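Q: 3D, please:
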Amino acid sequence: DRVHVIPHGADHQEFFSADNEKRRDGFQILFVGFLGESKGADLLPSIFQRVAFDIPNAFLTIVGDGPLRMRLDSEFEKLGLTKRVTMCGLTPPPQTAEIMRQSHLLLLPTNLEGFGMVLVEAMMSGLVPVASRLRGITDQIVDNTETGFLVTPGDVDGFAEAIKTIHKDENLFRALSQKARTVAVEKFSLYNMIARYEELFREPDDRQNTRKRSRPGWYAEAAIPFLQKKLK
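A: The predicted structure is shown next:
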């Protein structure tokens with residue numbers, strides 16, 4: 001009861017949703033992040049190949065840089081997808097926000113995530129996230145089938161099928177987009193984060209009245225949950 005969890009906040013005045021009718025032509029898929037295997041960037045060509053085969057008007061925009069950039073360029077060229085893929089490199093936040101407002105879906109096949117700020121920013125911008133299910137991280141941001149889709153990390157077919165499911169049902173896309181935007185603003189706005197910190201700082205300082213534990217007491221307190229888990 002002395003632990004408070006306050007998520008990172010994003011500025012919903014910078015990351016906001018445009019009218020879906022004003023998004024770019026075609027079905028715009030966006031990846032934002034480090035171009036390395038830790039973020040699943042190596043899976044982008046395989047995923048998009050499967051999507052592009054069934055969705056002729058699908059396009060992929062990649063924002064970010066990293067060691068896989070040249071390899072990705074080469075693989076998209078071999079697959080004949082160069083004209084449907086845009087590599088933007090590193091972009092400042094205002095430009096990234098604008099690209100998000102022109103996109104429909106955020107693809108994040110990551111294997112490693114600290115919090116997933118890009119998920120929050122994309123959801124605020126009205127994108128539907130299709131992301132790896134990382135327990136305690138991405139599943140704390142995205143509610144599967146309610147605000148987006150969560151897929152087992154590394155499951156190329158799973159990511160492709162989730163994207164195709166969203167594309168073929170316009171009503172589903174609109175419902176997910178609206179819900180994602182609402183949840184992101186309510187739970188992860190910068191103002192919400194600040195308000196929660198201010199509320200925490202207003203709590204009375206009761207440290208002088210808190211009984212101090214001896215070193216054995218600390219060890220015992222730490223050991224009890226560990227032993228309870230082992231006994232289960």
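Q: Name the residues of stretch 164-173 that come out as buried.
A: Lys164, Ile166, His167, Phe173 (16 or more other Cβ atoms under 10 Å). (C-beta placed from N, C-alpha, C; glycine too.)
Q: As a markdown table, the residues you listed with distance to Ile194 and secondary structure would be great.
A: As requested, the buried residues of stretch 164-173 are exported to a markdown table (distance: Cβ to Cβ, whole Å; DSSP: H, G, I helix; E, B strand; the rest coil):
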| residue | distance to Ile194 | secondary structure |
| --- | --- | --- |
| Lys164 | 40 | helix |
| Ile166 | 33 | helix |
| His167 | 37 | helix |
| Phe173 | 32 | helix |
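Q: which regions of this protein sit below the pLDDT cut-off?
A: 20-24, 232 (pLDDT under 70).
Q: Am I right that Met87 is in a helix?
A: No: under DSSP: H, G, I helix; E, B strand; the rest coil, Met87 falls outside any helix and is assigned strand.
Q: if you skip the residues just before and after it, what's nearest to it?
A: Using Cβ to Cβ, 6 or more residues apart in numbering and skipping the chain neighbours, the partner closest in space to Met87 is Ile62 (5.1 Å).
Q: Which helix or strand contains the one you found?
A: Assigned by DSSP states H and E, Ile62 belongs to strand 58-63.
Q: I'd like to check what contacts that strand. Which residues are they?
A: For strand 58-63, the external contacting residues (Cβ atoms under 8 Å, 6 or more residues apart in numbering) are 24, 26-33, 35, 41, 44, 48, 51-52, 72, 81, 84-91, 96, 99, 103, 107, 163, 167.
Q: List buried residues within these.
A: 27-33, 35, 41, 44, 48, 51-52, 72, 81, 84-85, 87-88, 96, 99, 103, 107, 163, 167.
Q: check contacts around the spatially most central residue of the chain.
A: Compute the mean C-alpha point of the chain, and by Cα atoms, centre = their mean the closest residue is Leu119, 2.5 Å away. Leu119 sits next to Leu106, Leu108, Pro129, Ala131, Thr138, Ile141, Val142 when contact means Cβ under 8 Å, 6+ apart.
Q: do that again at 10 Å, thanks
A: 10, 32, 106, 108, 110, 113, 127, 129, 131, 137-138, 140-142, 147-148, 180, 184, 188 (Cβ atoms under 10 Å, 6 or more residues apart in numbering).
Q: Which residue ranges of this protein form helices?
A: 44-54, 69-78, 93-101, 117-124, 156-168, 170-188, 190-201, 215-231 (DSSP state H).
Q: Buried residues in the third one, which are they?
A: It stands for helix 93-101. Thr96, Ala97, Ile99, Met100, Arg101.
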